[in-house]
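Trainee: pasting the structure only:
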């Protein structure tokens, strides 16, 4: 039987995997030792504060979560592209929610159906006229969900 302190967990795992020891390996835990998780020390990517991030479909659930993530990572300018126009009150409510994460966030909205090229070109022109910092990221979160009940009803009448 061989005892190791908890800090030596990596050595114990390697030794156990090599199967070169017939002895029992014991990790001893005391108040004075701690195990660390090497993967927990990764750096969280921070976004450029002086940049604009465009979120297509930013009014849907996925888009809202992406806006929140962008704000939490340091984005200060978010432009939302959506087929429906975002009213002033709705835009302000979204911006207020995001300001709980980042006090300096600025949210803009452009009505744009990204499936129509001429409309996208108009949105790009509008974005250029806004005189925001350069675009450093574009996230596509627009989705359309269609459910066909006719197929379901042919196979089963119970839901």
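Mentor: Received it, and whenever you're ready, just let me know what you need. Keep in mind the model is a prediction, meaning the values are calculated, not measured.
Trainee: domain-wise, how is this protein divided?
Mentor: Domain segmentation of the chain under automatic domain parsing yields 2-31, 52-140.
Trainee: make JSON lines out of those and add distance to residue 46, mean pLDDT and mean neighbour count.
Mentor: Just so you know, the C-beta spots here come from the backbone N, C-alpha and C atoms, and that holds for glycine as well. Converted to JSON lines, the domains of the chain look like this (distance: least, Cβ to Cβ, whole Å; pLDDT from 0 to 100; neighbours: other Cβ atoms under 10 Å):
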{"stretch": "domain 2-31", "distance to residue 46": "30", "mean pLDDT": "64", "mean neighbour count": "11"}
{"stretch": "domain 52-140", "distance to residue 46": "5", "mean pLDDT": "92", "mean neighbour count": "17"}
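Trainee: how long is stretch 71-80 from one end to the other?
Mentor: 13 Å (Cα to Cα, to the nearest Å).
Trainee: give me the residues contacting that stretch.
Mentor: For stretch 71-80, the surrounding residues in contact (Cβ atoms under 8 Å, 6 or more residues apart in numbering) are 44-55, 58-59, 63, 67, 70, 86, 94, 98, 101-102, 104-110, 127, 130, 132-133.
Trainee: sort out for me which of those residues are in helices.
Mentor: 63, 67, 70, 94, 98, 127 (DSSP state H).
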